[in-house]
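K.L.:
turn this into a structure:
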Amino acid sequence: MIARTTSAIQCILDKAIAGERISCQEALSLLESSELSAIGQGAQAVTNRLHPENYRTYNIDRNINYTNICTAVCDFCAFYRTPKSPEGYVLDRQELLDKIRETVELGGNQILMQGGLHPHFKLEWYEELLRDIKSHFPEVNIHGFSPPELHHFTKVNKLSIETVLERLKQAGLGSIPGGGAEILVDRVRSEITRGKVMTDDWLNVMRVWHRMGGISTATMMFGHAETLAERIEHLDRIRQLQDQTHGFTAFICWTFQPENTQMSQVPPSGSFEYLKTQAVARLFLDNVPNIQSSWVTQGLKIGQLALLFGANDMGSLMLEENVVAQAGTVHYLTLDQIRDAISELGFVPRQRDVFYKLVDEGLEQKAIEANRINNPIQKHSKNLVQMQILDK
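P.N.:
Numbers count the residues shown, from 1 in each chain. All right, here's what the predicted structure looks like:
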């Protein structure tokens, strides 16, 4: 039952629950509303229709940032360093492979690999990187290179996006994260970043990849320079592309983390705004099958509550994250905590892969035991598991 609410909001919720597509104006009315409980219940009703199974999912992966050197200037980013900065780095190949090996030993089946827009690396460098990883870990999916990186590759190499993606796919690229979307409205992008892909080109990277048979995720970082209407415009661009290609497996949103950035004066958005925005995304994105919780920016309890506000996936036990950790985000969980958060809501916790297929229960149990023995939080304390979903 939907909570008692105004008739106009109730009408929109009933429409979405019934499986009818809501308009941008209707979605905006929901975002402008303060009726969080009703919107959350509506989103949960849609989730239960799309995912009537008795389980909710999570995965195990690692975010490997192969470089922090970046030619773009993003006011919201505390991670990047300019090409001449003494703090810039390119990860040693052996160290990178060791990180993947530890991920596999802890039950991971994927790495999320992203970096800055390096001004000098040619496409051959990235092809060699992918082949090296796949030669050592053929079973690991490489969820790599966000649309800003891939668009940057076309500029450095003077190649089409079709050629870049085809060559990377042949070298071992498995799927593309939705990072670097922020808000897919050029007015906002122009205000908060310079030297980075704009809206149409971000979407075109995904369009080409999907038409090649590839899958990816979509994301939104909100709570900075955008209006509520621009949040809906972002969601609408995602929904329109998904109508064409059906290549997005999931949507993940999170709030801007202002600490240590050039936008530190922006008041951080709270859990009310996070839960409402995620719920509206579930109601609006009727063609995107999965919604991930962003407990890594919100903490355990709100991340758990997100499973009652439209999310059907708890996201990842990320064994490493460096980007938003630089902005002061310090939430972290063990695998047992993630699984307990799901169980406490009455669902069975199940590990999944990038395609949202369930991992064999025997392998899942091995991962649970491995994490209990080699708890990465205890092993690496401050360096591991200071997390955030840049994508997923």
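
K.L.:
what residues are up against the nearest residue to residue 160 once chain neighbours are set aside?
P.N.:
Using Cβ to Cβ, 6 or more residues apart in numbering and skipping the chain neighbours, the partner closest in space to residue 160 is residue 154 (6.5 Å). (Each C-beta comes from the backbone N, C-alpha and C, glycine too.) Counting by Cβ atoms under 8 Å, 6 or more residues apart in numbering, residue 154 makes contact with 160-161, 164.

K.L.:
change it to 10 Å
P.N.:
The contact partners of residue 154, by Cβ atoms under 10 Å, 6 or more residues apart in numbering, come to 123, 160-165, 197, 201, 205.

K.L.:
quick one: pLDDT of it?
P.N.:
pLDDT, residue 154: 98.

K.L.:
what ranges does the stretch 251-392 of the chain have for its helices?
P.N.:
Counting by DSSP state H, counting those that start in this stretch, residue ranges of the helices within the stretch 251-392 of the chain are 271-284, 295-298, 300-305, 335-343, 361-373, 376-380.

K.L.:
most tightly surrounded among these?
P.N.:
Burial of the helices of the stretch 251-392 of the chain is given as mean neighbour count (mean count of other Cβ atoms under 10 Å); helix 295-298 ranks first at a mean of 26.

K.L.:
could you tell me how far that one lies from the centre of the chain?
P.N.:
12 Å (Cα atoms, centre = their mean, to the nearest Å).

K.L.:
output the below-cut-off pLDDT ranges for this protein.
P.N.:
1-4, 320-331, 375-392 (pLDDT under 70).

K.L.:
which strand in it has the most residues?
P.N.:
strand 55-65 (DSSP state E).

K.L.:
sorry, back to before: can you redo the helices of the stretch 251-392 of the chain as CSV with distance to residue 264?
P.N.:
Below are those laid out as CSV (distance: least, Cβ to Cβ, whole Å):
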stretch, distance to residue 264
helix 271-284, 18
helix 295-298, 16
helix 300-305, 22
helix 335-343, 30
helix 361-373, 35
helix 376-380, 27
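
K.L.:
which among these is found nearest to residue 312?
P.N.:
helix 271-284 (8.8 Å; Cβ to Cβ).

K.L.:
thinking again about what came up before, and the angle from the longest strand of the chain to helix 361-373?
P.N.:
60 degrees (axes from the mean of the first three to the mean of the last three Cα atoms, to 10 degrees).

K.L.:
helix or strand next in line after strand 55-65, which one?
P.N.:
strand 73-74 (DSSP states H and E).

K.L.:
pull up the pairing partners for that following strand, direction included.
P.N.:
The strands beside strand 73-74 in its sheet (DSSP bridges) come out as strand 193-194 (antiparallel).

K.L.:
next, the buried residues of the lengthiest helix in the chain.
P.N.:
Criterion DSSP state H: the longest helix present in the chain is helix 228-245. Across helix 228-245, burial judged by 16 or more other Cβ atoms under 10 Å covers 228, 230-239, 241-242, 245.

K.L.:
now the buried members of the contacts of residue 154.
P.N.:
Looks like the contacts of residue 154 have 123, 161, 164-165, 197, 205 buried, using 16+ other Cβ under 10 Å.

K.L.:
now, which of these sits nearest residue 211?
P.N.:
For those, the nearest to residue 211 is residue 165 (9.6 Å; Cβ to Cβ).

K.L.:
A strand includes that closest one, no?
P.N.:
No: applying DSSP: H, G, I helix; E, B strand; the rest coil, one finds residue 165 to be helix, outside a strand.

K.L.:
who are the contact partners of it?
P.N.:
Per Cβ under 10 Å, 6+ apart, neighbours of residue 165: 145, 150, 153-154, 159, 173, 176, 205, 208-209, 211-212, 214.

K.L.:
repeat the analysis, applying 8 Å as the threshold.
P.N.:
150, 173, 205, 208-209, 212, 214.

K.L.:
re the thing from before, name the nearest of the contacts of residue 154 relative to residue 343.
P.N.:
residue 205 (38.0 Å).

K.L.:
chain neighbours aside, what residue packs nearest to the closest one?
P.N.:
Residue 205's closest residue in space is residue 147 (Cβ to Cβ, 6+ apart), at 3.9 Å.

K.L.:
that neighbour contacts residue 202, correct?
P.N.:
Yes: counting by Cβ atoms under 8 Å, residue 147 touches residue 202, with 4.5 Å between them.

K.L.:
what is in contact with those two at once?
P.N.:
Joint contacts of residue 147 and residue 202 (Cβ under 8 Å, 6+ apart) are 180-181.

K.L.:
what about whichever strand or helix holds residue 132, distance to the chain center?
P.N.:
Residue 132 belongs to helix 123-136 when assigned by DSSP H and E. Between the centre of helix 123-136 and the centre of its chain there are 23 Å (Cα atoms, centre = their mean).

K.L.:
now for whatever helix or strand comes next after that helix, which elements pack on it?
P.N.:
Once the chain leaves helix 123-136, the next helix or strand it forms, by DSSP H and E, is strand 141-144. The contact analysis (3 or more Cβ pairs under 8 Å, 6 or more residues apart in numbering; DSSP states H and E) places strand 141-144 against strand 110-114, helix 123-136.

K.L.:
between these, which one is closest to residue 268.
P.N.:
strand 110-114 (23.2 Å).

K.L.:
what about residue 53, neighbour count?
P.N.:
A count of nearby residues for residue 53, using other Cβ atoms under 10 Å, gives 13.

K.L.:
nice, that's everything, thank you.
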